[in-house]
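Student: sequence first, then the predicted structure:
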Amino acid sequence: MKAPQDIILKPVITERSVDDMAGSKYTFRVAKDANKIEIAQAAEALFNVQVLKVNTVNCTGHTKRMGRFEGKRPDYKKAVITISPDPTPDQDGKKRKGTIEFFDGMF
């Protein structure tokens, strides 16, 4: 089994992802071989939140040109994670958060 840091690679910051944060949806770039269950477990472990739903998208890398030479950026996988907006108690009695703290002070 992979570590949660190997599954969720980095956040995706775009206009659409920032607008979705109001609805408790957070967008991340994830490992290409990760499935929805692994992504949900990694998000719960890293951010201490309750994940309600995970949507994934396989994205193809853009084709880039440099003069007459053409290259391609690598393909990647993107996940939109919907979390529970209200804090709920965990099975261990610990409180789960209603937001991801990394994004709180950003906007």
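Tutor: Ah, there it is.

Student: what pLDDT does the residue sitting furthest away from the middle of the chain get?
Tutor: In the chain, Arg68 marks the outermost C-alpha relative to the chain mean, sitting 36.0 Å out by Cα atoms, centre = their mean. Note on Arg68: pLDDT of 95.

Student: got a list of what the most centrally placed residue in the chain touches?
Tutor: Taking Cα atoms, centre = their mean, the centroid of the chain lies closest to Phe28, which sits 2.7 Å from it. The contact partners of Phe28, by Cβ atoms under 8 Å, 6 or more residues apart in numbering, come to Ile8, Leu9, Lys10, Pro11, Val12, Ala43, Lys78, Ala79, Ile81. (C-beta placed from N, C-alpha, C; glycine too.)

Student: swap the cut-off to 6 Å and go again
Tutor: By Cβ atoms under 6 Å, 6 or more residues apart in numbering, Phe28 lies in contact with Ile8, Pro11, Ala79.

Student: just among those residues, which is most surrounded?
Tutor: Of all the contacts of Phe28, Ala79 has the most neighbours under the rule other Cβ atoms under 10 Å, reaching 24 neighbours.

Student: helix, strand or coil for that residue?
Tutor: strand (DSSP: H, G, I helix; E, B strand; the rest coil).

Student: pretty sure Arg29 is touching Lys10, no?
Tutor: Yes - here Arg29 reaches Lys10: they are 5.2 Å apart, a contact under Cβ atoms under 6 Å.
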